[in-house]
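S.K.: Turn this into a model:
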Amino acid sequence: MTRKERYTFILDYFRTNVGEVSTELMFGSAFQLLCATLLSAQCTDKRINAITPALFAKFPDAKTMAKADVDDVFELVKSVSYPNSKANHLVEMARMLVNNYGGEIPSDPNELVKLPGVGRKTANVLQAVWFGKPTLAVDTHVYRVSHRLGLVPNEANTPRKVEDYLMKNIPLNEVSSAHHWILLHGRYICKSMRPLCEKCPFDTFCPKNLENSKLSNK
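M.R.: The predicted structure is shown next:
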């Protein structure tokens, strides 16, 4: 099966059987989505959704969080990965939003990545989910599944290279959905350590037995 045929089959399957999807993070505003996405780095959405209701109840917007003591934020996020740095980033990010952007989230990705703790992946999530722009955030799930299913060549060995390759091969109007399709497939089926190959609709043509397939434990 050629790579083009893989894209056609996989996207057709998701389009027919999954349909429109979005992030599993819970949020009520662009600021809250930004906070949740920042917190979700190397942490599960389930864990983030467990702690953000209390965080957002106390600090619902940039103006309130900008006035927060980092220690108070830390107490609310201490169960996530890297809580010290994330608590600092949240407060610093909120202060920069207030001081430089009037407390509003900038829609320009070049401005978003200036915010403390915000990288390209987080900026792309905001672009896709909140602003409705055709951007594709490459997290560990998207990176892994893209390689495992042969959607990208081995030479696409960085998140940015994977992003660029996927963007060239996915219809622009489906880029945001495709991000979530691939991500959720990696989260629930094509897991890192113990992929559920028996439940995978793509197992018959998965290149996991090929050299350098990047499918671990197989």
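S.K.: Contacts for the helix or strand harbouring Glu163 next, please.
M.R.: Per DSSP states H and E, Glu163 falls inside helix 159-169. With contact meaning C-beta atoms under 8 Å, 6 or more residues apart in numbering, helix 159-169 is reached by 3-4, 7, 120-121, 124, 136-139, 142-143, 146-147, 151-153, 155-156, 175, 178. Backbone N, C-alpha and C define where each C-beta goes, glycine included.
S.K.: out of the residues you listed, which are buried?
M.R.: 7, 120-121, 124, 136-139, 142-143, 146-147, 151-152, 156, 175, 178 (16 or more other C-beta atoms under 10 Å).
S.K.: Okay, and which of the residues you listed map to helices?
M.R.: Tyr7, Arg120, Lys121, Asn124, Val142, Tyr143, Ser146, His147, Val175, Ala178 (DSSP state H).
S.K.: Burial check on Met193, number of neighbours?
M.R.: The number of residues packed near Met193 is 6, by other C-beta atoms under 10 Å.
S.K.: sorry, that was for Glu92
M.R.: Applying other C-beta under 10 Å, I find that Glu92 has 16 neighbouring residues.
S.K.: which SSE is it in?
M.R.: Glu92 belongs to helix 83-101 when assigned by DSSP H and E.
S.K.: after that helix, next one along is what?
M.R.: As assigned by DSSP H and E, the chain's next helix or strand after helix 83-101 is helix 109-112.
S.K.: avg pLDDT for that following helix?
M.R.: Regarding helix 109-112, the rounded mean pLDDT is 93.
S.K.: picking that back up, and which of the ones in helices among the buried ones among the contacts of helix 159-169 is nearest to Cys197?
M.R.: Checking these against Cys197 by C-beta to C-beta gives His147 as the nearest, at 15.3 Å.
S.K.: so where's the chain uncertain?
M.R.: Applying pLDDT under 70 to the chain flags residues 209-218.
S.K.: tell me the domain boundaries of it?
M.R.: 30-130, 136-205 (the TED database).
S.K.: mind putting those in JSON lines, distance to Asp12 included?
M.R.: Formatted as JSON lines, those follow (distance: least, C-beta to C-beta, whole Å):
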{"stretch": "domain 30-130", "distance to Asp12": "21"}
{"stretch": "domain 136-205", "distance to Asp12": "11"}
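S.K.: Which one of those lies nearest to Val21?
M.R.: Among the domains of the chain, the nearest to Val21 by C-beta to C-beta is domain 136-205 (4.3 Å).
S.K.: Endpoints of the closest one, how far apart?
M.R.: Criterion C-alpha to C-alpha, to the nearest Å; first-to-last residue distance in domain 136-205 is 24 Å.
S.K.: how near is Leu151 to Glu20?
M.R.: 21 Å (C-beta to C-beta, to the nearest Å).
S.K.: oh sorry, the question was meant for Met167
M.R.: Met167 sits 19 Å away from Glu20, going by C-beta to C-beta.
S.K.: between the two, which one's more packed in?
M.R.: Neighbour totals were compared for Met167 and Glu20, and Met167 leads with 14 against 10 (other C-beta under 10 Å).
S.K.: roughly how far apart are the more buried one and Ala156?
M.R.: Note on Met167: its distance to Ala156, by C-beta to C-beta, is 11 Å.
S.K.: if we can go back for a sec, which members of the ones in helices among the buried ones among the contacts of helix 159-169 define the maximum pairwise distance?
M.R.: Using C-beta to C-beta, these span at most 22.8 Å, a distance reached by Tyr7 and Arg120.
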